[in-house]
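# quick check, what structure comes out for this input:
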Amino acid sequence: MVNILNRAELFVDTSAEAAAKVWTKLEEAGIEYEMVTMRPGGDVRSHHGVIGVNGSVNGGYIGDLTMFIYKIYVKRSELEHARKVCLP
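Predicted coordinates:
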């Protein structure tokens, strides 16, 4: 089981397609992984202050509303093997 005590970061990107390619290769190779999806800066409302009554973000900034960061972790003991399998 991959957990916070034994994991190493294999992949970080904002592309869901790239993340899918990596986790597909991990599954094909039988390598256990954990994927975390997050928004940069945390919750949009707390990061950017106020969302108006009509749903608009004050200041006109909507970058974080649609962007996600995908992180894939593997066991530290399998990191080198996972890199060889997944990353060019």
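# going forward, measure contacts and count neighbours with C-alpha atoms only.
Noted.
# what residues sit buried inside the top helix by length along the chain?
Across the chain, the longest stretch assigned as helix under DSSP state H is helix 16-29. Buried positions in helix 16-29, judged by neighbour count with 16 or more other Cα atoms under 10 Å: A19, V22, W23, L26.
# list the contacts for the third one?
This points to W23. Applying Cα atoms under 8 Å, 6 or more residues apart in numbering to W23 gives the contacts Y33, I72.
# can you give me the distance of H81 to F68?
For H81, the distance to F68 (Cα to Cα, to the nearest Å) stands at 27 Å.
# so which strand or helix has the residue lying closest to R83 once chain neighbours are set aside?
Using Cα to Cα, 6 or more residues apart in numbering and skipping the chain neighbours, the partner closest in space to R83 is L10 (7.1 Å). Using DSSP states H and E, L10 sits in strand 7-13.
# give me the number of residues near the closest residue to A29 other than its chain neighbours?
In space, and not counting its chain neighbours, A29 is closest to V85: 7.4 Å by Cα to Cα, 6+ apart. V85 has 15 neighbours, counted by other Cα atoms under 10 Å.
# what do you get for Y70?
With other Cα under 10 Å as criterion, Y70 counts 19.
# residues in contact with it?
F11, V12, D13, T14, S15, A16, A19, M35, V36, T37, M38.
# what about A82, which SS state?
Secondary structure state of A82, per DSSP: H, G, I helix; E, B strand; the rest coil, is helix.
# use 653 as the first number from now on
Got it, the first residue is 653 from now on, which makes the last one we talked about A734.
# tell me who's in contact with it.
Contacts of A734 (Cα under 8 Å, 6+ apart): L662, L678, I683, V726.
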